[in-house]
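Student: build the 3D model from these lines:
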Amino acid sequence: MKRNFFLLSMSFIFSIALYAHGNTLTDHSKIKEFSSFRIMGEIDLRTEKDYSSAVKYRTLNHEGGMKVRCLEVLKNDILENEAGKWFYVLLTSPMWVDSGEWIEKYQKFLIFLPDDMPVFDFEE
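Tutor: Residues are numbered from 1 along each chain as shown. The predicted model follows:
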């Protein structure tokens with residue numbers, strides 16, 4: 001009985017985790033100005049809106065991800081042999097970065113999003 005309850009509980013928790021990130025988007029051409037989404041993984045953040053500017057921060061790959069609102073869709077490009085697209089985004093939730101710094105929300109960043117990186121909690 002206890003074993004069945006444990007298995008049922010674990011399957012319930014696992015199914016919640018699968019759907020916890022809302023709408024998943026793999027086609028970045030659907031991202032428009034004012035779209036909101038969450039990026040999971042490591043992303044370079046540039047504080048200047050210049051493709052050749054230095055990377056100021058790098059996100060951590062953790063369960064919270066980076067929540068943003070798209071301010072501007074820029075250009076398709078290839079960076080470090082990866083195809084993707086440049087976006088100018090507004091951070092909508094604070095987060096830690098790999099340097100150990102705490103980044104407050106409402107800061108703007110230039111990011112390169114590889115084509116094969118899905119985004120979560122997508123809202124147009």
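
Student: which residues in the chain form helices?
Tutor: Assigned by DSSP state H, the chain shows helices spanning 2-18.

Student: read off the pLDDT value for the residue nearest the centre of the chain.
Tutor: Most central in the chain under CA atoms, centre = their mean is Ile39, positioned 1.0 Å from the mean C-alpha point. Predicted confidence (pLDDT) for Ile39: 96.

Student: how about the contacts made by it?
Tutor: Residues counted as contacts of Ile39 (CB atoms under 8 Å, 6 or more residues apart in numbering) are 59, 65-66, 68, 111, 113, 117, 119-120. Every residue, glycine included, has its C-beta placed from N, CA and C.

Student: same thing but at 10 Å, please
Tutor: For Ile39, the contact set (CB atoms under 10 Å, 6 or more residues apart in numbering) comprises 59, 61, 65-68, 87, 89, 111, 113, 117-121.

Student: now Thr47
Tutor: Taking CB under 10 Å, 6+ apart, one finds 53-57, 107-110 in contact with Thr47.

Student: and with 6 Å instead?
Tutor: By CB atoms under 6 Å, 6 or more residues apart in numbering, the contact set of Thr47 is Lys56.

Student: now do Thr59
Tutor: When contacts are counted by CB under 6 Å, 6+ apart, Thr59 is found next to 42-43, 66.

Student: strands of the chain, start to end?
Tutor: Ranges of strands within the chain are 36-39, 44-45, 57-58, 66-79, 82-91, 95-96, 102-103, 108-114, 119-123, based on DSSP state E.

Student: could I get those as JSON lines with distance to Asp27?
Tutor: Conversion of the strands of the chain to JSON lines gives the following (distance: least, CB to CB, whole Å):
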{"stretch": "strand 36-39", "distance to Asp27": "12"}
{"stretch": "strand 44-45", "distance to Asp27": "22"}
{"stretch": "strand 57-58", "distance to Asp27": "25"}
{"stretch": "strand 66-79", "distance to Asp27": "13"}
{"stretch": "strand 82-91", "distance to Asp27": "11"}
{"stretch": "strand 95-96", "distance to Asp27": "25"}
{"stretch": "strand 102-103", "distance to Asp27": "28"}
{"stretch": "strand 108-114", "distance to Asp27": "12"}
{"stretch": "strand 119-123", "distance to Asp27": "10"}
